[in-house]
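>>> the sequence isn't on hand, but the structure is:
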Ligand code: PGA
């Protein structure tokens, strides 16, 4: 059975102190609750090791929001997958549309990052999604299939089986405009079919596919009730514990 996952993506928000306070609050809120999904917090790099210490032994996992496409060496300002893993983080968000759009991350570069993440035992949360113009011209399925193919389809079945996919329509990110439950289900089913054609039914069935884009306490339950939506990647609503918690509880 594939995992249900609710992952927060703090993006470039929170000082170290604020991030620690948020992770402590979340940990305490989850302590005495039964939850039916895995919880991940995607923090800025500098928070990783401190947040990992705070949440150790709890139900919360820690993700970086990026890693370098090189193993180590003279790459000033970069953070490698092995450095991320050494903090206690166990996931890494890769291919987020903001990285693709503002930092020119190409499919080839992401392929390298995915491989390094996997070889350092990090679980990649690999993001795909179309921009508004692509949806309006009905190219969204082709765009998403190409993003999957160009960065992930050279992986072995065994390696691909470790990946979590996040479908994030770019027009829904931070805009307050969510994909409808039907639009999300339609794309998630398409992604699963694309993965089944490449890696086989069993692997596709076991792959968690998360929805991201203005997901919040008000719409999470409806989105997550779709058969192919296995949870969410949450930006804005992950920045406050009392907004993030109901999204986690949408699986209860
Ligand atoms: P949002 O961001 O929830 O603020 O729309 C989602 C994301 O970019 O992962």
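All right, it came through fine. All values reported here derive from a predicted model rather than from experimental measurement. Residues are numbered from 1 along each chain as shown.
>>> how about the residues of the protein by the ligand?
9, 168, 173-174, 212-215, 233-237 (C-beta under 6 Å from any ligand atom). (Each C-beta comes from the backbone N, C-alpha and C, glycine too.)
>>> go again using 5 Å as the cut-off
Contact residues (C-beta under 5 Å from any ligand atom) of the chain with the ligand: 9, 173, 174, 212, 213, 214, 233, 235, 236.
>>> contacting residues for the third one?
Neighbour list for residue 174: 214, 235, 236 [criterion: C-beta atoms under 8 Å, 6 or more residues apart in numbering].
>>> contacting residues around the second one?
Read it as residue 235. 8, 9, 11, 173, 174, 212 are the contacts of residue 235 under C-beta under 8 Å, 6+ apart.
>>> count of residues packed around the first one?
Just to be clear, that refers to residue 8. Neighbours of residue 8 under the rule other C-beta atoms under 10 Å: 28.
>>> list the pairing partners of the helix or strand that contains it within its sheet, with orientation.
Counting by DSSP states H and E, the element that carries residue 8 is strand 5-9. Sheet pairing of strand 5-9 (DSSP bridges) gives strand 38-42 (parallel), strand 231-234 (parallel).
>>> nearest to residue 158, out of the ones you listed?
Shortest distance between residue 158 and the strands paired with strand 5-9, using C-beta to C-beta, is found for strand 38-42: 20.9 Å.
>>> the closest one - what's its average pLDDT?
Regarding strand 38-42, the rounded mean pLDDT is 98.
>>> next SSE downstream of it?
Per DSSP H and E, the helix or strand that comes after strand 38-42 is helix 48-55.
>>> just to revisit the earlier point, JSON lines please, covering the contacts of residue 174 and showing distance to residue 204 and pLDDT.
Compiled in JSON lines, the contacts of residue 174 are given as follows (distance: C-beta to C-beta, whole Å; pLDDT from 0 to 100):
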{"residue": "214", "distance to residue 204": "27", "pLDDT": "95"}
{"residue": "235", "distance to residue 204": "26", "pLDDT": "97"}
{"residue": "236", "distance to residue 204": "30", "pLDDT": "97"}
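>>> and which of those residues is nearest the ligand?
Closest approach to the ligand among the contacts of residue 174 (C-beta to the nearest ligand atom): residue 235, at 2.3 Å.
>>> what's the spacing between the closest one and residue 243?
11 Å (C-beta to C-beta, to the nearest Å).
>>> quick revisit: among the residues of the chain next to the ligand, name the ones in helices.
Of the residues of the chain next to the ligand, none are assigned to helices by DSSP state H.
>>> so which of these sit within strands?
9, 212, 233 (DSSP state E).
>>> neighbours of the first one, how many?
Using other C-beta under 10 Å as the criterion, residue 9 is surrounded by 27 other residues.
>>> and the nearest residue to residue 230 once chain neighbours are set aside, what does it touch?
Nearest residue to residue 230 in three dimensions, chain neighbours excluded: residue 208, at 4.2 Å (C-beta to C-beta, 6 or more residues apart in numbering). The neighbours of residue 208, taking C-beta under 8 Å, 6+ apart as the test, are 2, 3, 4, 5, 164, 165, 230, 231.
>>> determine which two of those residues are furthest apart.
4 and 165 (13.8 Å).
>>> those two: who's more crowded?
Legend: neighbour count by other C-beta under 10 Å for residue 4 and residue 165, higher for residue 165 (26 against 19).
>>> surely the more buried one touches residue 123?
No: contact status for residue 165 versus residue 123: not in contact, 11.4 Å apart, counting by C-beta atoms under 8 Å.
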